[in-house]
Structures are given as structure tokens and as C-alpha cells.
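# Model the structure of this input:
(2 chains)
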Amino acid sequence: MEHNLQNREVAVKLTGVKKMYKLGQIGGGTLHGDLESWWARIRGKEDPNTVIGTSQRLVGRTFMALNGIDLTIYQGEAVGIIGGNGAGKSTMLKLLSRVTAPTEGEIDIYGRIASMLEVGTGFHGELTGRENVYMNGAILGMTKAEIDAKMEDIIEFSEVRDFIDTPVKRYSSGMYVKLAFSVAAHLDSEIMIMDEVLAVGDMAFQKKCLTKMKDAAKKEGRTVLYVSHNMNTIRQLCDRCIVLSKGKVVYEGDVESSIAVYMDSEANDQVKMDFSDAVRPDWLYCQKVLLKKASFVDKESNIFGIREPVPIQLEWENLVDVKELCLRVEAISLEGNPVGTYTVYDFYQGKQGESGRAVVTLDTSALTEATYRLRFTFFIKDVMGNNLNIDWAEGLCFSKTSFDEEEKLVWDAVSWGYIHLPDPDVKVI
Amino acid sequence: MANSTKKYHTHISSRHNMLDLNLKEVWEYRDLIVLFTKRSFSLLYKQTILGPAWVFLNPLISSLVYAFVFGGIAGIATEGVPTLLFYLCSNAIWIFFSTCVTQNATAFTANAAVFGKVYFPRLTIPISNMISSVIQFFVQMLLVFAILVYYVIRGQVAPHWELWITIPLLLLHLGVLGLGVGIIISSLTTKYRDLAILVTFGVQLWMYVTPIVYPLSEIGSGLMKTVLLFNPVTAPTELIRYVILGQGAVMPGYMLLSAIETVAVMMIGVMIFNKVEKTFMDTV
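Numbers count the residues shown, from 1 in each chain, chains lettered A, B, ... in the order given. Modelled structure (predicted):
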């Protein structure tokens, strides 16, 4: 199926596509500036709001979310789009689903597009499930007759038949998503675009959705474009991948080699990282310490032997008085899945403004030969006994190799996982 | 499959045509327009006791207020037309026009969540807003008609029945004008939110420079009259009242001026709309 790509019909073609975003505040007092620039342009005078000697507007800096994408996707392909955060994946899907227009370049789409950047677009809480199916279907481009014809299938697939005439504001979030997904899945489109919408619903429903997508591509000959951070679903669904990085296509090819390229780009070989200025996630609402540095002790590379302990020196600053500080170190595979977590309880206390230092030595003998990214989470027990995260940073990576020849077989982490459990005790009887 | 893909070829480019509205595509989404229109009515009076009765009560109450304040206290003459009937009719016209403006003024910002996730012709929203205004107008006209019949029987008003067929045309005229003004404002509010706030005041002010709470004949001459005559809503309003109530000014010259102004506003609206609809998600 993957041979003869050249002879197949093109479904989507992007030529030199660029998308520029303005950074910083948009609007808010720029009407005056806009009018001034416009008036100056009309009179053929120099724009008073530009950098002297250029035509660059001063208002806000710009950022290229996509920087020259050339891409051809053929009919009937299931293509996965992978890349780190900010690589431009979602921007590309937005352009393809015509939510926004490119700054430069051309896009040709042969066929109708069903885009699922979000499920349940246009759902209104006051309307019943059935009314919302009509509404949502029409927004996605179906006519009333088409929806009528598919109504039974949609209700059947959604598993919410009993509630179909109830306003959706009374639905559980799972029911809501199931109904919404099933509308999108029943579109008569030639091209389907999905942005991780499968990360919803229960496991059984997720599986059902993946199967539906697979059928769409394999049996019905539809083209599927799928963006996900979950490499397992990419493996299940796609037969080709595109790796984006910083707004450019860095690799195009079969799934496994693309994932390898992506994973390599996610890794780094630094032995020391500075987290002082790293952006903390939004959910971290009460930061009490600031992790500044993390480094491997007495190492010049981040490669460790299979039984070699991994000593990490951490340096942090106490933003307030802390006591009974605890630490979690999560090891994450480069596919983005957590592999295992180390915990340290109640190892430190200190006053506000003081710096703390500790060497944490990880026993990694259970981890197999691969590269892992580490995520450091400081937490304390609050009065209720719950964990309260007080700082979070990730990025330091280490690789394990079996240069001490202890590994007896080549470990297939994709199928077997990243943890090599201790050899069982076997008695032949 | 090969056939259908030839049928649906979309070309997206950074360039775009200023005056192309792509009405063919809007037509393909006609079911969506119907659904949007239906939704605006079914949502309007959900969880209210009186439900659809509000369609009548709303204009009736505000007309009573106008009749009391302008007809009763201020004592503005209504060209011999019974006061309540005059205000009901004028009010129906103004509600029609002003909802066209105000609903469309927020078309982009109010639907940003949907627009940000899926593509459909953006024009479907303004069009369905206009259709719901038309329906609302005709529902209000039922009320006007009932009272009109009462006064006709008593011989107090003499409508120009033969001209009633022009009402849809006059409505289209006002509707397009309102749509044009509305989409200009909505296109600009994606970037400058202040305009949305100004619209509320602007529409109110506009009502007072339109012969709604008074007939044009009550205005003598001078600056006020000039402002009124150049206001594109004046001539059609007077004409509609002439047709329905039998009293009003027929001004072919100003009607033409109003038509020219409407076309100009609509063209500007379409141009700005076309420019904004492609990328407004980045600025909204």
C-alpha cells in the first residue's frame, strides 16, 4: 500500500505555507496607531509606527508558527503529525480546517474536510441531544437530509439513546463527548482531521473511536490526518508520519522511524540544566520553592551503564519557609509516557531565602536501555494530608546503555515496556 | 471517490478577493442558516413563564411607554394616526432595523468559540440573524394588524392596501442596511472591543435622529431636518408608515439616496468582512 505513492491522487497539498503570529497584546490603544499608519500610507508618507528604515511595524514582535511547509498527502493515507509543544502541529490543522488563513503560501484540498479540533463545537446546553446533532452536523457541513439519513447510526454509535431527547446540559461529560464524536465520525467527508480528540471518553469508547478511524482510512479510503502526543495511538492508526519542529517539516516517513526522529529531538545530552527561568505550568498555583539547577554529579556525559547509579545534584531556593519537603522524580520515556517515579519524603527544611542543595541518587537498574527524561516535582503534605505540589520542572535526560554486556537479549521496549522486572525465581519440577 | 474529490476542490491562499462573498457556498449551508434561525427563537424564551408571548409583549410594553412619554407627556402629534398604533408600527420597524445592527455587531465575538474550531461560511450567522429579525417583524405586524383592523373599521386610518406588496422590498432595504452596518462593526470589534460598547449608545442615538417616536412632519426645518433626511433609515421608515398607516412622507429622491447609501455601506461591509473573516481568530 505504501508503494507507488506517486501514482495516487493527492488529497492535500501545501506549498510554502507560512503563518505568522503577533506576540504580545493585540489591540488596546492601537486604533489610533492603526489610523495613523493608514493615513500615512494613503499620503505616501513614511509610517510613523515603523522602525526607521524598515517596514516592520513596532506593535508587538512576531513569531512564525509555521515557517515554510511543503507537504503532499495522498488519498487514503492515515498520516500522523508529531512534534513537541509549539512545533506548529495545531497551527497546521487550523490552516487545513480553514479556521484561519496562512500568511504566505498556498494550500490545495481535494475533498471535503471534517475537522475535529474539538468535539461538540456548537453544542448548546439548552438544546436536546437530537437538536444538537442537527446543529453540530450542519456546522460540520452536512445537510439536513444527510443527518436524517444517519441519525440512527449516530445515536447507535454514541451509546446515549436513552437521553437523546434530553437537553445536553444534563449530560455527563462522557455522554456529551460520545455524542459529539459520533456526529463527527459519521460525516461524509473525504478527509478527516483530528487533534487528540480521542483523549476523552472511557477506554472502551476510545478504542471504538480508533477502530472507526482506522476503518475510515483502510476500508473507506478516506484520508486521515491525526495529531497526537500519544505514540501508541499514532502506531495503531497511522501508516506514515510527519515530524514538525519549530514550524518546519524535519522528517517524513514511516511511523517507527518518525517516532525515533521525534524522540531524538526531544532528548538532550546536557549534564546540567538551569531551571531558574523555565516557565512553570499553570496548575502550579502555590510555588514555595524554586528549583534552580539540576546536574549529574561528576559526569561528563549523560550516558549511564545498566547497573550504574544516577546521582543528581539539585539546587533550589526557598521562596517561603519550608519544612518536611518531599520530592518526586518521574522518569518519562521519550514517547511522553511516564515509566516510573521515585519518591523522597521529608528530607529537608529551611528558611525563606535560603538555598537548599541535595544529591539524589537514583537506582535505575529496573529501567531498560533507552533515553529517559526526568521531571522533578517538589511537594509537601498539606494539613489534610494531601500532596501539594510546590514546584515543577522537567528536562534533564539520561540514557542507559548496556555496554557492560549484561543484557542478554535486545529489549523491545515498544512491546515489552521500559521496566525490566527482576528475573523471577524458577524451579523446574 | 474520484468524482467527489474533483467536485470539492478548495484552494486556500494568503491572497483573497475583496468583493467575493462566495454565495454558492453559503447556499450549500442553507440548512445551517435555518438551524441558526430556529435556535435563536427556541433559546430566546427558554425557562420563561410566558414563553413565546414575549414576542408580542416586548414591543407592546415599549410601545405603551413611548405612547405615554412621547404621545402623552410630550404631546407629539402623530399625523392623526391613533397614538398606540403609530408607536406599535414605528417600534416594529425600529426593532427590526436595530436588531439587525446589534445582533450582527457581535457576530464574530459572540461566536468566536465556534469559529475558532471549525470552518463554515461565516456569512451564515449574519444572514440567519437577519432572517430572525424579519420573522420577528412579521410576528409583531400581526399585533399591529389586529389593532389596525379595529381602527380601519372605525374609519380612523386608511392604509394604502395596494402598496402592501412593497413591504418585503422595504424590509430587504432596511435589512441590508442593518446587516451592512452590523458586519462593519463586528469586523472592527474583533480588534477594537470598545466599539461593541459604543454600539448600544449609537443605536439609541440613531433612533432619535430617525422619525420613530415622532413623524417627520413634526420637524420643521433646519439642521435637524437635514440630519434626518440624510439618515438612510428615514425615507424607508416614512414610506412603510405611509403604506401601513396611510400617513407618512413619500420622498423618491431621498429613497434613492438611502438606496445608494445602503449599497455603499454593504460594499464596505463585505470588503472589511472578507478581510477580517480569514484571520480574525488570530486577533479576537
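
# Indicate the residue of the stretch 101-250 of chain B located nearest to chain A.
Across the stretch 101-250 of chain B, the shortest distance to chain A (C-beta to the nearest C-beta) belongs to B:Tyr119, at 3.6 Å. From N, CA and C alone the C-beta is placed, and that goes for glycine too.

# tell me the mean pLDDT for the longest strand along chain A?
Counting by DSSP state E, the longest strand found in chain A is strand A:387-401. The average pLDDT for strand A:387-401 rounds to 87.

# that older thread, can I take it that the residue of the stretch 101-250 of chain B closest to chain A is in a strand?
No - going by DSSP: H, G, I helix; E, B strand; the rest coil, the assignment for B:Tyr119 is coil, not a strand.

# any low-confidence regions in chain B?
Along chain B, the parts satisfying pLDDT under 70 run over B:1-7, B:15-19, B:21, B:45-47, B:283-284.

# Now do the strands in it.
For chain B, applying DSSP E gives strands covering B:9-13.

# Now do the buried residues in stretch B:113-132.
B:114-132 (16 or more other C-beta atoms under 10 Å in any protein chain shown).

# hmm, back to that, report the strands that pair with the longest strand of chain A, each with its relative direction.
Strand A:387-401 has these partner strands in its sheet, going by DSSP bridges: strand A:303-305 (parallel), strand A:371-381 (antiparallel).

# That strand: which residues count as buried?
Across strand A:387-401, burial judged by 16+ other C-beta under 10 Å covers A:Asn389, A:Ile390, A:Asp391, A:Trp392, A:Ala393, A:Glu394, A:Gly395, A:Leu396, A:Cys397, A:Phe398, A:Lys400.

# Farthest pair within these?
Between any two of those, the greatest separation by C-beta to C-beta is 29.7 Å, found for A:Ile390 and A:Lys400.

# Show me where chain A dips below the pLDDT cut-off.
Along chain A, segments meeting pLDDT under 70 span A:1-7, A:23-33, A:37, A:41, A:44-61, A:120, A:196-201, A:402-409.

# what residues go with each domain of it?
For chain A, automatic domain parsing gives the domain ranges A:5-50+A:59-265, A:272-416.

# Tell me which stretches of chain A form helices.
A:30-42, A:89-96, A:129-139, A:144-158, A:173-185, A:203-218, A:231-237, A:255-266, A:413-416 (DSSP state H).

# and of these, who's closest to B:Ser217?
That would be helix A:30-42 among those, by C-beta to C-beta, at 40.3 Å.

# and the closest residue to A:Cys286 other than its chain neighbours, what does it touch?
Spatial nearest neighbour of A:Cys286, excluding adjacent residues (C-beta to C-beta, 6 or more residues apart in numbering or on different chains): A:Ile390 at 6.3 Å. Neighbouring residues of A:Ile390 by C-beta atoms under 8 Å, 6 or more residues apart in numbering or on different chains: A:Leu284, A:Cys286, A:Gln287, A:Lys288, A:Val289, A:Val322, A:Phe378, A:Phe379, A:Ile380.

# So which of those wins on neighbours?
When those are compared by neighbour count (other C-beta atoms under 10 Å in any protein chain shown), A:Phe378 ends up highest, at 25 neighbours.

# Nearest spatial neighbour of that one, chain-adjacent residues omitted?
Of all residues beyond its chain neighbours, the one nearest A:Phe378 is A:Asp391 (4.3 Å), with distances taken as C-beta to C-beta, 6+ apart.

# distance between the ends of stretch B:248-257?
18 Å (C-alpha to C-alpha, to the nearest Å).

# Just the buried residues of that stretch, please?
By 16+ other C-beta under 10 Å, the buried positions in stretch B:248-257 come out as B:Gly248, B:Ala249, B:Met251, B:Tyr254, B:Met255, B:Leu257.

# Let's see which of those residues end up in helices.
B:Tyr254, B:Met255, B:Leu257.

# Identify the residue nearest the geometric centre of chain B.
Among the residues of chain B, the one closest to the centroid is B:Phe97, at 2.7 Å (C-alpha atoms, centre = their mean).

# I figured that one hits B:Gly178, correct?
Yes - applying C-beta atoms under 8 Å as the test, B:Phe97 and B:Gly178 come out as touching, 5.0 Å apart.

# Tell me, how many residues neighbour the residue in the stretch 151-284 of chain B positioned nearest to chain A?
Residue nearest to chain A within the stretch 151-284 of chain B (C-beta to the nearest C-beta): B:Lys278, separated by 3.7 Å. Using other C-beta under 10 Å, B:Lys278 has 19 neighbouring residues.

# Skip the chain neighbours and tell me the closest residue to it.
For B:Lys278, ignoring the flanking residues on the chain, the nearest one in space by C-beta to C-beta, 6+ apart is A:Ala101 at 3.7 Å.

# now A:Ile193
Distances taken as C-beta to C-beta, 6+ apart put A:Ser115 closest to A:Ile193, at 4.3 Å, once the chain neighbours are dropped.

# ok, that neighbour - contacts?
A:Leu93, A:Leu96, A:Ser97, A:Val99, A:Leu140, A:Met192, A:Ile193, A:Met194, B:Lys117, B:Val118, B:Tyr119.

# In contact with the fourth one, which residues are there?
When contacts are counted by C-beta under 8 Å, 6+ apart, A:Val99 touches A:Ser115, A:Leu117, B:Phe115, B:Gly116, B:Lys117, B:Val118, B:Tyr119, B:Met281.

# any idea how far the first one lies from A:Met135?
Using C-beta to C-beta, to the nearest Å, A:Ser115 is found at 16 Å from A:Met135.

# Torsion angles phi and psi at A:Val99?
Per-residue torsions, A:Val99: phi -80, psi -40 (degrees, to the nearest 10).

# my guess is A:Glu106 meets B:Ser13, correct?
Yes - with contact defined as C-beta under 8 Å, A:Glu106 counts as touching B:Ser13 (5.0 Å).

# which among the contacts of A:Ser115 gets closest to A:Ser265?
Nearest to A:Ser265 among these, counting by C-beta to C-beta, is A:Leu93 at 19.9 Å.

# Now for A:Leu237, how many residues are close by?
24.

# is it true that it touches A:Val224?
Yes - under the criterion of C-beta under 8 Å, A:Leu237 is in contact with A:Val224, at a separation of 7.0 Å.

# what sits in contact with each of those two?
Residues touching both A:Leu237 and A:Val224 (C-beta under 8 Å, 6+ apart) are A:Ala78, A:Met213, A:Ala217.

# Now tabulate those residues in TSV and tack on distance to B:Tyr66 and neighbour count.
TSV is the format used below for the shared contacts of A:Leu237 and A:Val224 (distance: C-beta to C-beta, whole Å; neighbours: other C-beta atoms under 10 Å in any protein chain shown):
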residue	distance to B:Tyr66	neighbour count
A:Ala78	64	24
A:Met213	59	23
A:Ala217	63	20
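
# with those residues in mind, which one is nearest to B:His160?
For the shared contacts of A:Leu237 and A:Val224, the closest approach to B:His160 (C-beta to C-beta) belongs to A:Met213, at 63.4 Å.

# any idea how far A:Met203 is from the closest one?
Noted for A:Met213: a distance of 16 Å to A:Met203, by C-beta to C-beta.

# A:Leu291 now?
Taken as C-beta to C-beta, the span from A:Leu291 to A:Met203 is 35 Å.

# Pick out whichever of those two has more residues nearby.
Legend: neighbour count by other C-beta under 10 Å for A:Leu291 and A:Met203, higher for A:Leu291 (25 against 7).
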